[in-house]
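S.K.: structure, please.
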Amino acid sequence: MVKPPVEDDMYREPVYTIGHAAEKLGVAVPTLRMYEQAGLILPHKTPTKRRLYSRHDIDYLKIIIDLIRNQGLNMEGIRRILALTPCWKIINCPMEIREKCPSYTRGSIPCWLMTENPCGKTKDQCKTCEVYLSCPKILQEPINMVKTCE
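M.R.: Numbering: from 1, shown residues only. Prediction:
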(Lines give C-alpha, C1' and ligand atoms only; values in the text may rest on other atoms or scores of the structure.)
Protein backbone atom coordinates (compact mmCIF):
# COMPACT_ATOMS: atom_id res chain seq x y z
CA MET A 1 0.00 0.00 0.00
CA VAL A 2 1.41 3.38 -1.00
CA LYS A 3 1.49 5.83 1.89
CA PRO A 4 1.61 9.43 0.66
CA PRO A 5 4.00 11.77 2.45
CA VAL A 6 2.70 14.54 4.64
CA GLU A 7 0.72 16.85 2.38
CA ASP A 8 2.61 19.94 1.36
CA ASP A 9 2.49 22.32 -1.55
CA MET A 10 5.25 20.45 -3.37
CA TYR A 11 3.41 17.13 -3.17
CA ARG A 12 0.78 18.39 -5.60
CA GLU A 13 3.09 20.56 -7.70
CA PRO A 14 3.18 19.26 -11.33
CA VAL A 15 6.90 18.88 -12.05
CA TYR A 16 7.44 15.53 -13.82
CA THR A 17 7.17 15.29 -17.59
CA ILE A 18 5.26 12.35 -18.98
CA GLY A 19 8.53 10.66 -19.94
CA HIS A 20 10.00 11.08 -16.47
CA ALA A 21 6.76 9.90 -14.83
CA ALA A 22 6.67 6.81 -17.08
CA GLU A 23 10.28 6.05 -16.21
CA LYS A 24 9.65 6.40 -12.46
CA LEU A 25 6.64 4.09 -12.76
CA GLY A 26 8.24 1.52 -15.05
CA VAL A 27 5.59 1.91 -17.76
CA ALA A 28 5.57 3.24 -21.30
CA VAL A 29 4.47 6.78 -22.11
CA PRO A 30 1.47 5.48 -24.14
CA THR A 31 0.32 3.64 -21.00
CA LEU A 32 0.03 6.92 -19.10
CA ARG A 33 -1.84 8.45 -22.02
CA MET A 34 -4.17 5.45 -22.00
CA TYR A 35 -4.88 5.93 -18.26
CA GLU A 36 -5.61 9.58 -18.96
CA GLN A 37 -7.91 8.73 -21.87
CA ALA A 38 -9.77 6.27 -19.62
CA GLY A 39 -10.30 9.10 -17.12
CA LEU A 40 -8.27 7.52 -14.34
CA ILE A 41 -5.80 10.41 -14.08
CA LEU A 42 -6.01 14.13 -14.80
CA PRO A 43 -2.46 15.36 -15.37
CA HIS A 44 -1.70 19.04 -15.44
CA LYS A 45 -1.32 20.44 -18.96
CA THR A 46 0.72 23.47 -19.78
CA PRO A 47 -0.59 26.06 -22.28
CA THR A 48 1.32 24.12 -24.96
CA LYS A 49 -0.51 20.89 -23.92
CA ARG A 50 2.58 19.33 -22.32
CA ARG A 51 1.57 16.89 -19.58
CA LEU A 52 3.08 17.31 -16.13
CA TYR A 53 2.63 15.03 -13.14
CA SER A 54 2.96 15.70 -9.42
CA ARG A 55 4.23 13.36 -6.69
CA HIS A 56 0.55 12.87 -5.80
CA ASP A 57 -0.11 11.75 -9.39
CA ILE A 58 2.87 9.37 -9.29
CA ASP A 59 1.66 7.78 -6.03
CA TYR A 60 -1.88 7.52 -7.42
CA LEU A 61 -0.59 5.91 -10.61
CA LYS A 62 1.38 3.37 -8.54
CA ILE A 63 -1.93 2.27 -7.03
CA ILE A 64 -3.58 2.00 -10.46
CA ILE A 65 -0.66 0.00 -11.83
CA ASP A 66 -0.76 -2.35 -8.83
CA LEU A 67 -4.50 -2.91 -9.25
CA ILE A 68 -3.99 -3.79 -12.92
CA ARG A 69 -0.80 -5.85 -12.63
CA ASN A 70 -1.32 -7.59 -9.29
CA GLN A 71 -4.99 -7.40 -8.32
CA GLY A 72 -6.59 -8.43 -11.61
CA LEU A 73 -8.57 -5.27 -12.28
CA ASN A 74 -8.74 -3.56 -15.64
CA MET A 75 -9.13 0.14 -16.39
CA GLU A 76 -12.90 -0.12 -16.77
CA GLY A 77 -13.17 -1.84 -13.38
CA ILE A 78 -11.12 0.88 -11.73
CA ARG A 79 -13.16 3.59 -13.47
CA ARG A 80 -16.39 1.99 -12.24
CA ILE A 81 -15.09 1.83 -8.66
CA LEU A 82 -14.20 5.51 -8.91
CA ALA A 83 -17.67 6.24 -10.34
CA LEU A 84 -19.15 4.95 -7.08
CA THR A 85 -17.31 7.60 -5.10
CA PRO A 86 -20.00 9.61 -3.31
CA CYS A 87 -18.84 13.01 -4.53
CA TRP A 88 -22.10 14.62 -3.37
CA LYS A 89 -21.27 13.60 0.21
CA ILE A 90 -17.63 14.65 0.01
CA ILE A 91 -18.41 18.17 -1.21
CA ASN A 92 -21.87 18.45 0.40
CA CYS A 93 -23.95 19.05 -2.73
CA PRO A 94 -27.49 20.21 -2.04
CA MET A 95 -30.26 17.85 -3.13
CA GLU A 96 -31.40 20.11 -6.00
CA ILE A 97 -27.96 19.75 -7.63
CA ARG A 98 -27.75 16.01 -6.85
CA GLU A 99 -31.05 15.28 -8.59
CA LYS A 100 -29.65 16.73 -11.86
CA CYS A 101 -26.30 15.01 -11.52
CA PRO A 102 -25.61 11.80 -13.50
CA SER A 103 -22.94 10.87 -10.97
CA TYR A 104 -25.61 10.80 -8.26
CA THR A 105 -28.48 9.35 -10.28
CA ARG A 106 -26.58 6.70 -12.24
CA GLY A 107 -23.11 6.36 -10.73
CA SER A 108 -21.69 5.10 -14.01
CA ILE A 109 -18.86 7.60 -14.53
CA PRO A 110 -16.67 9.58 -12.13
CA CYS A 111 -17.89 13.14 -11.68
CA TRP A 112 -14.74 14.62 -13.26
CA LEU A 113 -15.52 12.85 -16.55
CA MET A 114 -18.96 14.37 -17.00
CA THR A 115 -19.26 16.71 -19.95
CA GLU A 116 -21.54 19.02 -18.00
CA ASN A 117 -20.55 19.09 -14.38
CA PRO A 118 -23.56 20.06 -12.22
CA CYS A 119 -21.33 21.34 -9.41
CA GLY A 120 -20.00 23.94 -11.85
CA LYS A 121 -16.35 22.91 -11.64
CA THR A 122 -14.14 23.00 -14.73
CA LYS A 123 -11.76 20.16 -15.63
CA ASP A 124 -8.89 22.21 -14.19
CA GLN A 125 -10.78 22.67 -10.93
CA CYS A 126 -11.55 18.93 -10.79
CA LYS A 127 -7.79 18.23 -10.54
CA THR A 128 -7.71 19.97 -7.17
CA CYS A 129 -11.14 18.89 -5.95
CA GLU A 130 -11.34 16.85 -2.76
CA VAL A 131 -13.30 14.17 -4.64
CA TYR A 132 -10.59 13.56 -7.26
CA LEU A 133 -7.78 13.85 -4.72
CA SER A 134 -9.43 11.16 -2.58
CA CYS A 135 -9.18 8.54 -5.37
CA PRO A 136 -5.95 6.91 -4.15
CA LYS A 137 -7.41 6.42 -0.69
CA ILE A 138 -10.65 5.03 -2.08
CA LEU A 139 -8.87 2.60 -4.40
CA GLN A 140 -6.58 1.39 -1.61
CA GLU A 141 -9.29 1.04 0.99
CA PRO A 142 -12.76 0.86 -0.62
CA ILE A 143 -14.33 0.56 2.84
CA ASN A 144 -13.62 4.30 3.21
CA MET A 145 -16.05 4.94 0.37
CA VAL A 146 -18.76 3.00 2.17
CA LYS A 147 -18.08 4.86 5.42
CA THR A 148 -18.35 8.17 3.57
CA CYS A 149 -21.88 7.21 2.48
CA GLU A 150 -23.09 6.62 6.02
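
S.K.: low-confidence stretches in the protein?
M.R.: 1-8, 117-118, 142-150 (pLDDT under 70).

S.K.: ranges for the helices of it?
M.R.: For the chain, applying DSSP state H gives helices covering 18-25, 29-37, 55-69, 75-83, 87-90, 95-98, 102-105, 123-126, 130-133, 135-140, 143-149.

S.K.: elements contacting the second one?
M.R.: Under the contact criterion of 3 or more CB pairs under 8 Å, 6 or more residues apart in numbering; DSSP states H and E, the helices and strands touching helix 29-37 comprise helix 18-25, strand 51-53, helix 55-69. Heads up, the C-betas are built off the backbone N, CA and C, glycines and all.

S.K.: run through who's touching the first one.
M.R.: Helix 18-25 is contacted from outside by 16, 28-29, 31-33, 43, 50-53, 57-58, 61-62, 65, using CB atoms under 8 Å, 6 or more residues apart in numbering.

S.K.: and which of the residues you listed is nearest to residue 78?
M.R.: Of all the contacts of helix 18-25, residue 65 has the smallest distance to residue 78: 10.5 Å, by CB to CB.

S.K.: just give the number of residues close to that closest one.
M.R.: As a burial measure, residue 65 scores 15 neighbours (other CB atoms under 10 Å).

S.K.: please shift the residue numbers so they start at 16 in all later answers.
M.R.: All right, first residue 16 from here; so that's residue 80.

S.K.: so who does it touch?
M.R.: Here residue 80 is in contact with 40, 41, 42 (CB under 8 Å, 6+ apart).

S.K.: relative to its centroid, which residue of this structure is most remote?
M.R.: residue 111 (25.2 Å; CA atoms, centre = their mean).
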